[in-house]
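Visitor: With the input below, show me the fold.
(chains A and B)
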Amino acid sequence: QAILCLPRSFEYSQKNAVLVPVAALGVGGMLLYWLRSGRKIKTIDMGDGWWGSGERPLQGKEDTSIRPFKIETSDKEIEDLHQRLDRFRFTPHVEGAAFHYGFNSSYLRKVVAYWRNQFDWGKQVEVLNRYPHFHTTIEGIDIHFIHVKPPYVPHGRAVQPLLMVHGWPGSFYEFYKIIPLLTEPAKHGLNEGDVVFEVICPSIPGYGFSEASHQQGFDSIATARIFHKLMNRLGFKKYYVQGGDWGSRITTNMAQMLPQSVKGLHLNLVFIARQGLGRLICTMLGAYVPWLVGFSREDARRFYPFMQKNVYDVLRESGYLHIQATKPDTAGCGLNDSPVGLAAYILEKFSTWTDKSFLHKDDGGLESKYSLDELLTNVMIYWVTSSIVSSMRYYKENFAKDPDLRAHSRVGVYVPTGIAAFPQEIVHVPRIWAKDVYKNIISYSYMPRGGHFAAFEEPKLLAQDIMQFVQKVEQL
Amino acid sequence: ELCSSLAGIMLLEVFLVLGTLLMYFLFSKKKEEMLPFKDGWWGRGQKPVTKEDSSIRPFKVEITEEELSDLFRRLDQARITEPVENSCFHYGTNSVPLRKVVSYWKNQFNWKKQAEVLNKYPQFKTKIQGIDIHFVHVKPPRLTEGQAAKPLLMVHGWPGSFYEFYKIIPLLTDPASHGLGDEHIFEIICPSIPGYGFSEAPHKKDFNSVSAATVFYELMLRLRFNEFYTQGGDWGWLICTNLSQIAPNNVKGLHLNMVSVSKLGLTDLLSILLGRYFPGLFGFQDEDVRRMFPFLKKWLYRILSESGYAHIQATKLDTVGCGLNDSPVGLAAYILEKFSSWTDMEFQNLEDGIPESREFSLDDLLSNIMIYWVSGCIVSSMRFYRENLGKGIGTQKHEK
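Guide: The predicted model follows:
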């Protein structure tokens, strides 16, 4: 009997032959519309903040003037430093320690001797003052920045504004070698098309000459907002942003907050939140069949062996992060009082994060990549401004409520993004994983050499990558 | 025939089964394992051919004027950072109460007087395995007829010292005078762990808790104690435990005020998940449940928020200790933070970190800090973390 019914149902379906496809089209159309509209770009809420001491004043507008500023030093300052260097209490290390237990104290003695007898802070201050410095008050605190315009702009070329943000334990000074390459590329043999930049390097509040927040909760979102306000105040509506370390996080937040103002985002470090099971499976499979999970051969070379590079190495290197994210005031107290302690703490990072193999060297390989003058100038910026404690508080403000830095990874980054992956960076993030957050990667480069402090160590390589990225964006 | 062969087979089977069971039982029964001694040479350079000087030399804590004036100069010139508003001790040691401590340290703390307090008990030094070991040795002032004092080795931890025991020593050596029953009277030996206080720091790598236990074992033998009790908390817990593992026949009893486990088996994990609801099933007492749960909050978050120091000391001690050996205020901030939060986690919410009715007097706290300062031992004290934890938790032989 069922078989007899069939012809009957087919008759019915002839009528429905018109209705069904129409319905399907209708549903399909609605689905498509829903999908397209569901992809409206989410942004981070800008919000507002007040970081000055005490209560926010009710009356009066904030002083928005931009005040030129020159770094100064005094005999008293230098003498105090020298006295402290002279009375440094040295602890011998165990035999054969190299840099495996931290900064080697025998080598530290040599650094201190140079610092005491040959390093000329007065001269270095002149070097720092080579570029124009400014202060301006935003959300209750003084923001320091340097603003370098190209000395000569060829006819018809557009000057691209570029905001470059440093990290920890760096400073605006990290960019001093790359700035000339970006503002005067032709002079330095870089002819990456028509790109010339106007560079702005602020100091993150709490670092160097930027005032530290007096209130709790000053994190990368607040920083991103303040830097947007800064660029606005300088008269820029659309600009490029570049960063590594905290700078990477801050510029990413900037792109998530006001995508319409960020022409392009360039990073030399990618932060990604740890994902769950899928990521883990990818990781395990990737060791054997990298192509299956979207890893390139270079990705595999840099990423594996996984446990060694991503677990052990990270655990070994993240003690500072752990203590700074939990007890910054404790960790920083002695460092603000002992310049040698401060130098050991900061320079250890310049050693290990530049090249992991430097751990095995008695001198940490520091002078193979940097001069002592450069390294100590960066340390002095933390010393003369007494900013080490506030710089460490940044870790607590960012990590303590959000250990995985997960909160804004759902908000994708849709602005054109360029990533420069340096081989000695602490952790390698393959492009396929970066795409989880950065939806619009225009350029992803495997850099041939260099570590965490890319602008400081390999300014030319980084400048070239930034330029080719901006070229591509301009042509979009 | 069938019957007998069947019976024969059955008998054979029974014997086989019994035999297997017996063999299994014999071979799988865990014999009491002893951890081997960890002999070593920790002095500078090569081990000399000549026999080691095993004399026991009396020692006194001494002060020099130069030491004191150097300390005061550093305290005077301390550069202290303002705290973030309303942060109490959530960011670590708040510099407002720290300033008060520094002021007390400069103006009221009397190190000469405190040194006399430290010298109240006889102290000694003796060379073992190439390094000078410092220890306090207190005999009971009087013993009743026929009573023998029980030798008790007490081991401190980080950031403590032998000084931690100064209040308990009289209660153990002379209980009657303090209102305690005098059934048990002790003879106390409190050594300083090599690298801490007045004990020389090892010059070679790999000096871990088993090495320390071996050194202390030799110390007790040198003092002619064949059988002794041992007590410890913090690192003292681990060293005393190792001592019981390497010399179980010499350690009469082991008392601990801290215990840690490094390997979590399946039952342990289950007990974490279910122990709150079925305490009896996992052998938890009511008090255990009260202290352990809610697990995440009390255990995991607490450990994460408090263990930054251990993480950095287990990896980059030469770095982090450097500034602390150069800045007495930095050293004080670092150490005092532990005396605050490890006494009571709630102290973090107080403005000065330690409540008014102080558990410890400022004199006591500063004396402990002074031991680290005058001996310059903060870096070597941290090295112990690296040598014990640096290769990963749960990987050491003694943990198995």
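
Visitor: what about stretch B:125-136, distance to the chain center?
Guide: Put simply, stretch B:125-136 sits 18 Å off its chain's centre (C-alpha atoms, centre = their mean, to the nearest Å).

Visitor: Establish whether that stretch and chain A are in contact.
Guide: No - for stretch B:125-136, no contact with chain A is found by C-beta under 8 Å from any C-beta of the partner chain; the gap never falls below 12.1 Å. All C-beta spots, glycine's among them, are computed from the backbone N, C-alpha and C.

Visitor: same thing with stretch B:105-124?
Guide: No - Stretch B:105-124 is not in contact with chain A by C-beta under 8 Å from any C-beta; minimum separation 13.7 Å.

Visitor: and the host helix or strand of A:F227, what other elements does it pack with?
Guide: Taking DSSP states H and E as the criterion, A:F227 maps to helix A:220-233. If you count contacts as 3 or more C-beta pairs under 8 Å, 6 or more residues apart in numbering or on different chains; DSSP states H and E, helix A:220-233 packs onto strand A:133-138, strand A:141-148, strand A:159-165, strand A:196-202, helix A:246-257.

Visitor: Can you tell me which of the ones you listed is most buried?
Guide: helix A:246-257 (a mean of 26; mean count of other C-beta atoms under 10 Å in any protein chain shown).

Visitor: mind exporting that helix as PDB, just the C-alpha atoms?
Guide: This file holds the C-alpha atoms of helix A:246-257, laid out as PDB (Å, rounded to 0.1, in the frame of the first residue of the first chain):
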ATOM      1  CA  TRP A 246      53.700  45.700  25.400                       C
ATOM      2  CA  GLY A 247      53.700  47.900  22.400                       C
ATOM      3  CA  SER A 248      52.300  45.000  20.400                       C
ATOM      4  CA  ARG A 249      49.400  44.600  22.900                       C
ATOM      5  CA  ILE A 250      48.700  48.300  23.100                       C
ATOM      6  CA  THR A 251      48.700  48.900  19.300                       C
ATOM      7  CA  THR A 252      46.500  45.900  18.800                       C
ATOM      8  CA  ASN A 253      44.100  47.400  21.300                       C
ATOM      9  CA  MET A 254      44.300  50.600  19.400                       C
ATOM     10  CA  ALA A 255      43.300  48.900  16.200                       C
ATOM     11  CA  GLN A 256      40.400  47.100  18.000                       C
ATOM     12  CA  MET A 257      39.300  50.400  19.600                       C
END
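
Visitor: and the angle for that helix with strand A:196-202?
Guide: Helix A:246-257 and strand A:196-202 are oriented at 110 degrees to each other (axes from the mean of the first three to the mean of the last three C-alpha atoms, to 10 degrees).

Visitor: what's downstream of helix A:246-257, the next helix or strand?
Guide: Using DSSP H and E, the helix or strand that follows helix A:246-257 towards the C-terminus is strand A:262-267.

Visitor: one step back: how far does the helix holding A:F227 sit from the chain's center?
Guide: 15 Å.

Visitor: Show residues contacting it.
Guide: Identification of contacts with helix A:220-233 by C-beta atoms under 8 Å, 6 or more residues apart in numbering or on different chains yields A:44, A:46-49, A:51, A:64, A:66, A:136, A:138-139, A:143, A:145, A:161, A:163, A:165, A:200, A:202, A:204-205, A:213, A:239, A:246, A:249-251, A:253-254, A:256-258, A:261, A:398, A:408.

Visitor: coming back round to it: make CSV out of the helices and strands packed on helix A:220-233 and add distance to chain B.
Guide: Below are these laid out as CSV (distance: least, C-beta to the nearest C-beta, whole Å):
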stretch, distance to chain B
strand A:133-138, 18
strand A:141-148, 12
strand A:159-165, 22
strand A:196-202, 21
helix A:246-257, 18
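
Visitor: and the longest strand along chain B, which strands flank it?
Guide: Secondary structure of chain B per DSSP state E: the longest strand is strand B:131-138. Take DSSP bridges as the rule and strand B:131-138 pairs in its sheet with strand B:123-128 (antiparallel), strand B:186-191 (antiparallel).

Visitor: check contacts around the nearest residue to B:I56 once chain neighbours are set aside.
Guide: Excluding the flanking residues, the one nearest B:I56 by C-beta to C-beta, 6 or more residues apart in numbering or on different chains is B:T126, at 4.6 Å. By C-beta under 8 Å, 6+ apart, the residues touching B:T126 are B:S54, B:S55, B:I56, B:R57, B:D132, B:I133, B:F135, B:L219, B:R222.

Visitor: what's the neighbour count on the closest residue to the first one other than its chain neighbours?
Guide: Leaving out its chain neighbours, the residue that sits closest to B:S54 by C-beta to C-beta, 6+ apart is B:R222, at 6.3 Å. As a burial measure, B:R222 scores 14 neighbours (other C-beta atoms under 10 Å in any protein chain shown).

Visitor: and B:R222, what does it touch?
Guide: B:S54, B:I56, B:T126, B:I128.

Visitor: Any chance of a PyMOL selection covering the buried ones in these?
Guide: Only the buried members of the contacts of B:R222 enter the following PyMOL selection, criterion being 16 or more other C-beta atoms under 10 Å in any protein chain shown:
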select buried, chain B and resi 126+128
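
Visitor: that older thread, which of the contacts of B:T126 lies closest to A:D75?
Guide: Nearest to A:D75 among the contacts of B:T126 is B:D132, at 44.4 Å by C-beta to C-beta.

Visitor: Pretty sure that closest one sits against B:A201.
Guide: No - B:D132 is beyond contact range of B:A201, at 9.8 Å (criterion: C-beta atoms under 8 Å).

Visitor: who has more neighbours, these two?
Guide: The neighbour comparison of B:D132 against B:A201 (other C-beta under 10 Å) goes to B:A201, with 23 against 18.

Visitor: Now the helix or strand encompassing A:V470: average pLDDT?
Guide: Element membership for A:V470 (DSSP H and E) is helix A:459-474. For helix A:459-474, the mean per-residue pLDDT is 95.
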